[in-house]
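Student: based on what follows, work out the 3D shape:
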Amino acid sequence: MFEIPYGPYANRRCDGISRRHMFRVGSTGLFGALSLPQLLRANDAVPGLEASIRTRAKATSCIFIFLEGGPPQQDMWDPKPEAPAEIRGAFQTIATKTPGVFFSEHCRKSAEITDKFTVVRSHSHTDNGHSTGYYYLMTGHKPTFPDGEHPIPTNTVFPSLGSYVSKELGSNGKVPAYVNLPHPMSAGGSGFLGAEFSPFVIEADPSEPDFEVKDLGRVEGLSDSRVALRQRLLSGLEQGRQRIGRAAAMSTYYAKANTLMNSPEARRAFQIQAEPASVRENYGMTQIGQCALLARRMVEAGCRFVGLDAPGWDVHFNCFPSLANDLIPPADRAFAALINDLEERGLLDSTLVVMMGEMGRTPRVNAQAGRDHWSMAQSIIFAGGGVKPGQIIGATDAQAAAPLSDPVSVADVLRTIHTLLGIDSTKEYPDPLGRPVPIVNGGNVIPGLIA
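Tutor: Okay, here's the model as predicted:
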């Protein structure tokens, strides 16, 4: 992922750090059709995985929906209706399809399909920062930098979850193995694995009428013969030259862009406008809804890991109107539509869907009618890909402040995801100093989650 920050800041969070707009190197005038061999990695690059793990695994891809900022567990999937108003908040609870299980009134769509997913209510860790918590969850390593002080991506050393999946499973089609949308995931980079396993970032909102993936467009005025000439020229210039550092990374970015530009299958996969209007409406004509639909198209085309970053959940002030109108219903609708759509298409068994944020929110509503950072308790949704559905795993106390049973750590979550995908998470790779680093350091598969 090669990014050049520019322009005003947007999506500002409480720490003052905002998401930067980015230029993308791809089909732009200067670099138009330059390319190199050794393009997107294919399945034959999969290193030696334990045969037993690969045989048992059902999931061949993962859609990872990240509710950035911290979704409030007690206002969504872990309500506390018996608690005082300053704890339970402004929302009522509703029954779900699973007897004895209740959700917030604004999670109506997912409440209707609780037989198709499992909620883990007892995830807990100790990092209350946005960028640091995001880093911890995506890499499994505790950050060594202060919250809010690092640009995107923050992981220049340790690889992200998506990058490990990309390296271990490789591409399964003509689309990239690892995709971020609708912008880069913080700490979603490839670290010491190298640029080949960075995400392809769709820096555009698929809910917009003029949505297109600009990196897939051919440069106007360049004929096929001129493209071929440029490729031969570049090949001649680089013959016998060792590419290291930034030069090697840039070569990989050019190569990926060139592959996509010349792939009709990839262009079709990104054409969300080809979906029937009824399908698009079912997901919701919102950013998270259309991103979820595009994620389904990505895994259908062979993508292994789609990281969907949905910002806006940092609800410190007057949170309940925002949650009720702008945040929970669109996310709830998108998730339910995605699960139903995957099931109808026969893809749910092979697609792991995870929805979570970097933290939960404080049990007590603050003086500004909002909720603050709270990493000690959080709910995570798991669906498809070998997950045993229709369950609630773990429980929190009467204030949704801490796990009462079955606590789940960051390492547990990462080990479970890799296991469901058939990846041996004990496998080690050398860091820049040559020290062996396991894909996941510690942790256990979440008991009872895998069918």
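Student: so, low pLDDT: which residues of the stretch 301-450 of the chain?
Tutor: Counting by pLDDT under 70, the stretch 301-450 of the chain contains no low-confidence range.
Student: what ranges do the strands span in it?
Tutor: 305-310, 351-356, 360-361, 373-374, 378-383, 391-393, 395-396, 403-405, 428-430, 436-438 (DSSP state E, counting those that start in this stretch).
Student: what lines up beside the first one in the sheet?
Tutor: What it means is strand 305-310. As defined by DSSP bridges, the strand partners of strand 305-310 come to strand 61-67 (parallel), strand 178-181 (parallel).
Student: any residues touching it, and which ones?
Tutor: 61-68, 161-162, 165-166, 177-186, 188, 199, 287-288, 291-292, 295, 298-299, 331 (C-beta atoms under 8 Å, 6 or more residues apart in numbering). Bear in mind the C-beta positions are built from the backbone N, C-alpha and C, glycine included.
Student: so for stretch 414-431, what gets flagged as buried?
Tutor: For stretch 414-431, the neighbour count (16 or more other C-beta atoms under 10 Å) marks 414-425, 427, 429 as buried.
Student: and of those, the nearest to residue 340?
Tutor: residue 420 (20.2 Å; C-beta to C-beta).
Student: so where do the helices sit in the stretch 351-451 of the chain?
Tutor: 410-420 (DSSP state H, counting those that start in this stretch).
Student: who are the neighbours in contact with the closest residue to residue 74 other than its chain neighbours?
Tutor: The shortest distance from residue 74 to any non-neighbouring residue, by C-beta to C-beta, 6 or more residues apart in numbering, is to residue 400 (4.1 Å). By C-beta under 8 Å, 6+ apart, the residues touching residue 400 are 73, 74, 78, 80, 87, 360, 363, 377.
Student: quick one on the thing from earlier: as a markdown table, the buried residues of stretch 414-431 with distance to residue 339 would be great.
Tutor: Listed next are the buried residues of stretch 414-431 as a markdown table, based on distance: C-beta to C-beta, whole Å:
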| residue | distance to residue 339 |
| --- | --- |
| 414 | 22 |
| 415 | 23 |
| 416 | 18 |
| 417 | 17 |
| 418 | 21 |
| 419 | 21 |
| 420 | 16 |
| 421 | 18 |
| 422 | 21 |
| 423 | 23 |
| 424 | 28 |
| 425 | 25 |
| 427 | 30 |
| 429 | 33 |
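Student: dump stretch 128-135 to CSV, keeping only the CA atoms.
Tutor: Extracted in CSV, the C-alpha atoms of stretch 128-135 (Å, rounded to 0.1, in the frame of the first residue of the first chain):
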residue,chain,number,x,y,z
ASN,A,128,-7.8,2.0,25.7
GLY,A,129,-6.2,3.8,22.8
HIS,A,130,-7.6,4.0,19.3
SER,A,131,-4.5,3.5,17.1
THR,A,132,-2.7,1.5,19.8
GLY,A,133,-5.8,-0.8,20.4
TYR,A,134,-6.2,-1.2,16.6
TYR,A,135,-2.5,-2.1,16.3
